[in-house]
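In: From the sequence below, what's the structure:
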Amino acid sequence: MRGIARLSKRAYNTVVDVVRASSQKALMVHHEEVKAVDAEKVIADEMGSFVKKNKNIVCQKS
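Out: Numbers count the residues shown, from 1 in each chain. This next block holds a predicted model:
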């Protein structure tokens, strides 16, 4: 966030306040709009990719 403050020429605390307010509003909208989602299957693709990558590294070191 310090980079954002520098680029926008705003105080760091101002950037923090704006991000905090935005995240609270997004959370309110999320809770209002996302209700009773029926999910039969959850796919953790990125975690699987991370594990596969690390398995390859470990196998190469052995």
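
In: what's the distance between T14 and V29?
Out: Shown here: T14 relative to V29, a distance of 23 Å by Cβ to Cβ, to the nearest Å. Where C-beta positions appear, they are placed from N, C-alpha and C, glycine not excepted.

In: What segments of the protein are strands?
Out: Counting by DSSP state E, the chain yields no residue ranges for strands.

In: show me the biggest helix of it in terms of residues.
Out: Counting by DSSP state H, the longest helix found in the chain is helix 12-33.

In: Need the residues that contact that helix.
Out: Surrounding helix 12-33, the residues in contact under the criterion Cβ atoms under 8 Å, 6 or more residues apart in numbering are 1-2, 4-5, 8.

In: okay, the residues you listed in a markdown table with neighbour count, distance to K35 and pLDDT next?
Out: As requested, the contacts of helix 12-33 are exported to a markdown table (neighbours: other Cβ atoms under 10 Å; distance: Cβ to Cβ, whole Å; pLDDT from 0 to 100):
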| residue | neighbour count | distance to K35 | pLDDT |
| --- | --- | --- | --- |
| M1 | 11 | 31 | 85 |
| R2 | 9 | 37 | 90 |
| I4 | 14 | 33 | 89 |
| A5 | 15 | 36 | 92 |
| S8 | 11 | 35 | 92 |
